[in-house]
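# quick one: sequence plus predicted model below, questions after.
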Amino acid sequence: MSQSKLCKFYLGDTIYPYPIQSIPNWSDSSLEHIHDYIQWVFPLDIPSEYNPNAPILTVEDVCILRSHPEFHGRVRGIYGRMILFLSTQDCWYSNNHNMLRITRMIKSLRLMGFEHLSEDLRDFLAEMAEVHSIDKSVLIYWTDAMKTPVYIGE
């Protein structure tokens, strides 16, 4: 069986216009203004409403990727960069596209077997909610996202 586009991307092939290795080094401006990378670095098991070309995470993808150490390092690197980005942005108001990105991050981390990172993200969001008075309706989305099954490969 050949590898999916998503597996090739995560394992270093330049499938998407930007190599995965470059994304953790992007500026905050690039992370804010380039919109389609989020579906590649935090894929879901359902089609994207906003990007018909976004990859769809499958059980096979998760099983293949979890066997590669570079996958684990890349997820952690991108996660860390997104936390840094979110902590320095004025993006905590309602109806900001970063709120959708955060929901996607939570779900994707869980689906890919990174439950501990989704829990760390939840804790970070709780801190941000206090500091920035985040609307309760947004918090409900994030709480619901934490109910996403962990590791679709099991």
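Looks like it came in fine. Residues are numbered from 1 along each chain as shown.
# from Asp13, how far out is Phe85?
25 Å (CB to CB, to the nearest Å). Quick note: C-beta positions are derived from backbone N, CA and C, even for glycine.
# who's more crowded, these two?
The neighbour comparison of Phe85 against Asp13 (other CB atoms under 10 Å) goes to Phe85, with 18 against 13.
# now for that one: which residues touch it?
Counting by CB atoms under 8 Å, 6 or more residues apart in numbering, Phe85 makes contact with 28, 31-32.
# tell me the confidence at Ser94?
Looking at Ser94, its pLDDT stands at 64.
# go on, Gln21?
Gln21 is given a pLDDT of 94.
# likewise for Asn25?
With respect to pLDDT, Asn25 scores 96.
# the closest residue to Met112 other than its chain neighbours in helix, strand or coil?
Excluding its sequence neighbours, the residue lying closest to Met112 (CB to CB, 6 or more residues apart in numbering) is Val62, at 5.9 Å. Three-state call for Val62 (DSSP: H, G, I helix; E, B strand; the rest coil): helix.
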